[in-house]
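Chemist: Show me how the following folds:
(2 chains)
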Amino acid sequence: MNIEHFPSRLLENAVNEFAKLPGIGRKTALRLVLHLLRQDQREVEIFGNTMIQMKNEIRHCKVCHNISDNDICNICANPSRISSIVCVVENIKDVMSIENTHQFNGLYHVLGGIISPMDGIGPSDIEVESLVGRVSRGEIEEVILALSTTMEGDTTNFFIFKKLKDLPVKITTLARGVSIGDELEYTDEITLGRSIVNRQNFEDSLGR
Amino acid sequence: MFIEELSLINFKNFEQAEMKFSPDLNCFIGNNGAGKTNLMDAIYYLSFCKSFLNPVDLQNIRHDEEFFVVQGKYQRQGNEEHIYCGLKKGNKKHFKRNKKEYKKLSEHIGLLPLIVITPSDIDLIMGGSEERRRFIDTVISLYNQHYLDSLIKYNRALLQRNNLLKQFASTNSFHAENLEIWDDQLVHYAEVIHRERKIYIEKFLPVFQNYYNLISGGNEIIGLEHQSHLYDGDFAGQLQRSRQRDRILQFTTVGIHKDDIEFRLGDFPIKKLGSQGQKKTFLVALKLAQYNFVKEISGITPILLLDDIFDKLDKHRVEEIVKLVANDHFGQIFITDTNREHLDQIISRVNAEYRIFTIDNGVVVS
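Modeler: Model (predicted):
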């Protein structure tokens, strides 16, 4: 490793800060900092203030814990969405993925993580209690569990299921099966096996 | 299925070698350290993408050289297959089938089934339970993808549970509920794994017994006793009862990750009471039974490597093994020995085509 010699302590501090970001190494950090240095004073102020404002003012929706500008997020506040169906996801990226499908018109519940002791995340670190609260208030008819199909996702699904199973709510999960456009011979055996076991009525498969 | 040609460059003590094999019987003769087993290893490498002797890939490159290449030409199900394996210092291992590089090495494993019987198999008897679990897990995973998946999931849940136990210890806290989540997962997958292991061992035993008796010429009853916490009743309850102990030890003390198979000869564990020859007979029979299963499952006759197999066995047992493998149930066979006598004995019984290679200090002489 080369020890870098910066001509300025201020420059070095800025590089250090950028290099803390995920996916940014020291070389990239230096390139970004030098780029900012070449910009107008005003541009850089806007950049810095935007970051500070984002951190200070951003809120989490009181209902679904999605990131929001207001106390209640745009999705929860939208009267045309079906508020009796709630889709449980790990984080905001998953909300964006499902929104992009344009196939879901219910609400969300963002857990903010999945249970994984290796990463120091236990059941109390994620928004499960608030989900149980939402369900026990009787507002919800169906909960869709939409977590990753990893060991940790499955475990979290199961944990939530155990918490909700005595409440009057229908609990569903995403279908698992052959991807659209895939050739059968290249589908892994576990997925294909499951698709055979959980086969569906042909008419239902025609889609909308 | 058989290997027709093998070519080596800088592999172990071979600078360069090219060999054409018989589809039936091939013998490597030479003194200690000549390189007989290294040739076996090269063939093993083409089937499993790794050495059975040395897990460190770089150490399989000839001293003071930068790379090695092992290539094989096979006849498989009526098709010619060219397998290439190359490793250069500082680069990743390249594995190609018919000039097309594999994305994942795991895609290759299973294409060219092979069973090796080697002196280091003794670890199966003398080593820890992990060796014996791996022995059965590899075969079951060959035909049951669901089993492999359950095993991976179980191990993952176990890792998470053990992490949680360590966390409890370091923060001096305890949440029964948090632990139970992982117990549920372990219980679910353990049942699948336990059931499949039980079924497999039951199917395996008679085949194994048959080979053992053929070689030993006796009627000794051998046993494979599957030992598992899951035979002691409700696994979920056991996890609960061992909770205090698990907290103190900071790992999970019950479960199928502790399964073992006790190898028995009559009423006694062979580990403690078997003679060296009995152990060797046991291992040869075990491997031949495994050969049988792999052949049946894959539908392809595997290659059989017999490395120094006659050491420690009496004349009678050697003869029986010779008789056994000369049977056309087994396909292509490779044998190493320092002793020409054994080989001549085999050859005199086999009606098939054979080739003998004399190896001297990293050179194939004839």
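Chemist: Any stretches of the chain with poor pLDDT?
Modeler: Answering for chain A, as no chain was given. A:1-4, A:207-208 (pLDDT under 70).
Chemist: that's the wrong chain, I meant chain B
Modeler: For chain B, applying pLDDT under 70 flags the ranges B:350, B:366.
Chemist: Which segments of it make up each domain?
Modeler: Domains of chain B are assigned by automatic domain parsing as B:1-113+B:300-366, B:122-204+B:217-278.
Chemist: Those domains: which one's closest to A:Glu99?
Modeler: domain B:122-204+B:217-278 (29.4 Å; CB to CB). Yep, even glycine has a C-beta here, placed from its N, CA and C like the rest.
Chemist: so how far does the closest one reach from one end to the other?
Modeler: Across its full length, domain B:122-204+B:217-278 reaches 11 Å end to end, with CA to CA, to the nearest Å as the criterion.
Chemist: next one: stretch A:178-194
Modeler: Separation of the first and last residues of stretch A:178-194 by CA to CA is 9 Å.
Chemist: hmm, it in reach of chain B?
Modeler: Yes. With CB under 8 Å from any CB of the partner chain as the threshold, stretch A:178-194 lies in contact with chain B, specifically through A:Asp188, A:Glu189, A:Ile190, A:Gly193.
Chemist: tell me the contacts of the second one?
Modeler: A:Glu189 sits next to B:Gln145, B:His146 when contact means CB atoms under 8 Å, 6 or more residues apart in numbering or on different chains.
Chemist: Repeat the analysis, applying 7 Å as the threshold.
Modeler: A:Glu189 makes contact with B:Gln145 under the criterion CB atoms under 7 Å, 6 or more residues apart in numbering or on different chains.
Chemist: Look up phi and psi at B:Phe67.
Modeler: When quoted as degrees, to the nearest 10, the phi and psi of B:Phe67 stand at phi -160, psi 160.
Chemist: just the one 5 residues further on next, same as before
Modeler: In terms of degrees, to the nearest 10, the main-chain angles of B:Gly72 are phi -140, psi 140.
Chemist: I figured it hits B:Ser47, correct?
Modeler: No. Applying CB atoms under 7 Å as the test, B:Gly72 and B:Ser47 come out as separate, 9.0 Å apart.
Chemist: hang on, the earlier thing: of the residues of stretch A:178-194 next to chain B, which belong to helices?
Modeler: Using DSSP state H, the members of the residues of stretch A:178-194 next to chain B that fall in helices are A:Glu189, A:Ile190, A:Gly193.
Chemist: So the last one versus B:Gly299, what's the distance?
Modeler: Pointing back at A:Gly193 there. 20 Å (CB to CB, to the nearest Å).
Chemist: between those two, who's got more neighbours?
Modeler: Higher neighbour count among A:Gly193 and B:Gly299: A:Gly193, with 14 against 8, using other CB atoms under 10 Å in any protein chain shown.
Chemist: OK, contacts around B:Arg245?
Modeler: Counting by CB under 7 Å, 6+ apart, B:Arg245 makes contact with B:Thr253.
Chemist: That one: helix or strand, and which one exactly?
Modeler: helix B:243-249 (DSSP states H and E).
Chemist: for that helix, which positions count as buried?
Modeler: For helix B:243-249, the neighbour count (16 or more other CB atoms under 10 Å in any protein chain shown) marks B:Arg243, B:Asp246 as buried.
Chemist: Just give me how far that helix sits from the chain centre.
Modeler: Computed by CA atoms, centre = their mean, to the nearest Å, the separation of helix B:243-249 from the middle of its chain amounts to 34 Å.
Chemist: How about residues contacting the helix or strand just after that helix?
Modeler: The element immediately downstream of helix B:243-249 (helix or strand, assigned by DSSP H and E) is strand B:260-265. Contact with strand B:260-265 is made by B:125, B:129, B:132, B:136, B:201, B:220, B:222-227, B:269-271, B:274, B:278, B:282, as judged by CB under 7 Å, 6+ apart.
Chemist: what do you get for stretch A:110-123?
Modeler: A:64-66, A:88-92, A:95, A:125-128, A:147, A:152-153, A:155-156, A:159, B:159-160, B:163-164, B:167, B:177-178, B:181.
Chemist: what about burial for these, which qualify?
Modeler: Among these, those classed as buried by 16+ other CB under 10 Å are A:64-66, A:88-90, A:92, A:95, A:126-128, A:147, A:152-153, A:155-156, A:159, B:160, B:163-164, B:167, B:178, B:181.
Chemist: What about these, which are in helices?
Modeler: Residues of the buried ones among the contacts of stretch A:110-123 located in helices (DSSP H): A:92, A:95, A:152-153, A:155-156, A:159, B:160, B:163-164, B:167, B:178, B:181.
Chemist: quick one: which two of the residues you listed are the most distant?
Modeler: For those, with distances taken as CB to CB, the pair at the greatest spread is A:Val95 and B:Gln167 (29.4 Å).
Chemist: how near is A:Ser179 to A:Tyr186?
Modeler: A:Ser179 sits 10 Å away from A:Tyr186 when distances are taken as CB to CB.
Chemist: in what helix or strand does B:His226 lie?
Modeler: Since the elements are taken from DSSP H and E, B:His226 ends up inside strand B:222-227.
Chemist: Can you give the distance from that strand to the centre of its chain?
Modeler: 19 Å.
Chemist: State the paired neighbours of that strand in the sheet, together with their directions.
Modeler: For strand B:222-227, the paired strands and their directions (DSSP bridges) are strand B:260-265 (antiparallel).
Chemist: In PDB, list the C-alpha atoms belonging to the strand it pairs with.
Modeler: Extracted as PDB, the C-alpha positions of strand B:260-265 are listed here (Å, rounded to 0.1, in the frame of the first residue of the first chain):
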ATOM      1  CA  ASP B 260     -22.000 -39.900  13.200                       C
ATOM      2  CA  ILE B 261     -21.900 -43.300  11.600                       C
ATOM      3  CA  GLU B 262     -20.300 -45.900  13.700                       C
ATOM      4  CA  PHE B 263     -18.500 -48.500  11.700                       C
ATOM      5  CA  ARG B 264     -18.900 -51.900  13.300                       C
ATOM      6  CA  LEU B 265     -17.300 -55.300  12.900                       C
END
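Chemist: Not counting its own residues, what contacts the following helix or strand past that strand?
Modeler: Elements were assigned by DSSP H and E; along the chain past strand B:260-265, the next helix or strand is strand B:268-269. The contact list for strand B:268-269, computed with CB under 7 Å, 6+ apart, reads B:Glu262, B:Phe263.
Chemist: how close does A:Ser195 get to chain B?
Modeler: When distances are taken as CB to the nearest CB, to the nearest Å, A:Ser195 and chain B turn out to be 14 Å apart.
Chemist: Not counting sequence-adjacent ones, nearest residue to that residue?
Modeler: Across the structure, with CB to CB, 6 or more residues apart in numbering or on different chains as the measure, the residue nearest A:Ser195 apart from its sequence neighbours is A:Gly177 (3.9 Å).
Chemist: what's the most centrally placed residue in chain A sitting at in phi/psi?
Modeler: Of all residues in chain A, the one closest to the mean position by CA atoms, centre = their mean is A:Asn91, 2.0 Å from it. Reported as degrees, to the nearest 10, the phi and psi values for A:Asn91 are phi -150, psi -180.
Chemist: Excluding its own residues, what touches the top helix by length along chain A? List them.
Modeler: The longest helix of chain A (DSSP H) is helix A:41-57. With contacts defined as CB under 7 Å, 6+ apart, helix A:41-57 is touched by A:Leu36.
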